[in-house]
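> let's see this in three dimensions:
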Amino acid sequence: MESANIRKVSLEFQRFYNDSKYDSIFFMFSDEMKAALPLSKTKGFLSGLYAQAGKILSREFNDYQSSYAVYKTHFERAVFILQISVDEQSRINGLFIKPFVEDTLPQMKRNISKLQLPFTKEWTVFWGGDTKAQNYHVDHRAQMHAFDFVIIGKNGKSYRTSGENNEDYYAFGEAILSPCDGEVVMAVDGIEDNRPGQMNPLFVTGNTVIIKSPNNEFLLFAHFKQNTIKVKQGQKVKTGQLLGECGNSGNSSEAHLHFHIQNGKDMNVATALKCYFENIMVNGVQKNDYSPVKGDKIKQN
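Down below sits the predicted model:
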């Protein structure tokens, strides 16, 4: 559901855009956005869009992709996807516009491929399941069955000592493995890891790998540690092959692995598949063809 806050900001953006008040849009930006897209670039981008597509006639709220509200937006001469993210002060901290593409992807409910867990140690499901209480991703079309995995230490926390540094987190630097054979269709590296507690909404998934399985399932792994990804686009991978190390890049507040399956490469148009793993230990009990939920402690058997 579209929040009242994002509705107000998006309407204001539309009004300023249609009136060619690009300075006013710039002053809606967060400090980080102003640094990433200075006034001259903001004016150039928006005036170029106006010249190409004309005024915004209408917008249809689609869903949320991470922190971004996604709108199918009808301009005078084109249809685009408009994505807007706002911070706690209602400042725009993320803005993307791209051509709208009709969803012609295959309808898929769950994975057909047999999957192992993407790690060997025992991890804990921080978010996972079918309800909002179990999984905040459920409102996002491509991520509704996503998992966020962390490692919990004997101290009952995901970090040692103060948790002020990435190295304090048990998951940081841990090996992330391919759950099945497949082909790497995306590999993004080089994005800095955040300081714990801070987030980077400009690069939502951070350092990312997407693997296409033989059954055309697209496995997305997000938030890798900077400069640790070991695979390249177009490369064939085997089950258990090292993809990289767990990190804290992108829209992430602490070191963890975000993992989900979708029916296409582009998260902005894809739909989620529910994910089941083969032969795993769940809270000390063996499970087969199991989809973990929040609170489960899981390990490959």
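> from here on, contacts and neighbour counts on C-alpha atoms
OK.
> next, the spatially most central residue of the chain: secondary structure please.
With distances taken as Cα atoms, centre = their mean, the residue of the chain nearest its centroid is Thr205 (4.2 Å). At Thr205 the chain is in coil, as set by DSSP: H, G, I helix; E, B strand; the rest coil.
> got the contact list for it?
For Thr205, the residues meeting the contact criterion (Cα atoms under 8 Å, 6 or more residues apart in numbering) are Ala222, His223, Ser249, Gly250, Asn251.
> Thr161: what's it in contact with?
Counting by Cα under 8 Å, 6+ apart, Thr161 makes contact with Asp168.
> buried ones among the contacts of Thr205?
Judged by neighbour count, with 16 or more other Cα atoms under 10 Å as the criterion, the buried members of the contacts of Thr205 are Ala222, His223, Ser249, Gly250, Asn251.
> from these, which land in helices?
Of the positions in the buried ones among the contacts of Thr205, not one sits in helices, assigned by DSSP state H.
> is it possible to get TSV of these that adds distance to Glu174 and pLDDT?
Shown next, in TSV, are the buried ones among the contacts of Thr205 (distance: Cα to Cα, whole Å; pLDDT from 0 to 100):
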residue	distance to Glu174	pLDDT
Ala222	13	98
His223	12	98
Ser249	14	97
Gly250	17	95
Asn251	19	92
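> closest to Leu11 out of those residues?
Leu11 has its nearest neighbour among the buried ones among the contacts of Thr205 in Asn251, at 24.5 Å by Cα to Cα.
> where's that closest one relative to Leu49, distance?
Counting by Cα to Cα, to the nearest Å, the gap from Asn251 to Leu49 is 27 Å.
> now Asn215
According to Cα to Cα, Asn215 and Leu49 sit 38 Å apart.
> with Lys287 instead?
Noted for Lys287: a distance of 52 Å to Leu49, by Cα to Cα.
> these two - which one has more neighbours?
Set side by side, Lys287 and Leu49 show more neighbours around Lys287, with 18 against 15, by other Cα atoms under 10 Å.
> quick check: beta-bridge partners of the more buried one?
For Lys287, the beta-bridge partners are Ile280 (DSSP bridges).
> cool, Val188 as well?
Thr208.
> my read: it touches Thr208, true?
Yes - look at Val188 against Thr208 with Cα atoms under 8 Å: they come within range, at 5.0 Å.
> of the two, which one has the most company?
Comparing Val188 with Thr208 by neighbour count (other Cα under 10 Å), the higher total belongs to Thr208, at 26 against 19.
> and the pLDDT at that one?
Looking at Thr208, its pLDDT is 97.
> give me the three-state assignment for Ser24.
The local conformation at Ser24, judged by three-state DSSP, is helix.
> residues in contact with it?
Ser24 is in contact with Phe16, counting by Cα under 8 Å, 6+ apart.
> which stretches of the stretch 51-200 of the chain form strands?
Across the stretch 51-200 of the chain, reading from the start of the chain, the strands by DSSP state E, counting those that start in this stretch fall at 56-65, 68-75, 79-86, 92-99, 123-127, 147-150, 175-177, 182-188.
> of those strands, which is nearest Lys43?
Sorting the strands of the stretch 51-200 of the chain by Cα to Cα, the top spot, which is the nearest, belongs to strand 92-99 at 13.7 Å.
> tell me the gap between the closest one and the middle of its chain.
Per Cα atoms, centre = their mean, to the nearest Å, the displacement of strand 92-99 from the mean C-alpha position of its chain is 15 Å.
> again with stretch 264-272
Per Cα atoms, centre = their mean, the centroid offset for stretch 264-272 relative to its chain is 11 Å.
> average model confidence for that stretch?
The average pLDDT within stretch 264-272 is 87.
> which positions in that stretch come out as buried?
The neighbour-count criterion (16+ other Cα under 10 Å) identifies Gly264, Lys265, Met267, Asn268, Val269, Ala270, Thr271, Ala272 as the buried residues of stretch 264-272.
> got the phi and psi for the fifth one?
Reported as degrees, to the nearest 10, the phi and psi values for Val269 are phi -120, psi -10.
> where does the chain dip in pLDDT?
Counting by pLDDT under 70, the chain contains low-confidence ranges at 103-104.
> picking up where we left off before, to Ser20, which of the strands of the stretch 51-200 of the chain lies closest?
Nearest of those to Ser20, taken as Cα to Cα: strand 56-65 at 11.3 Å.
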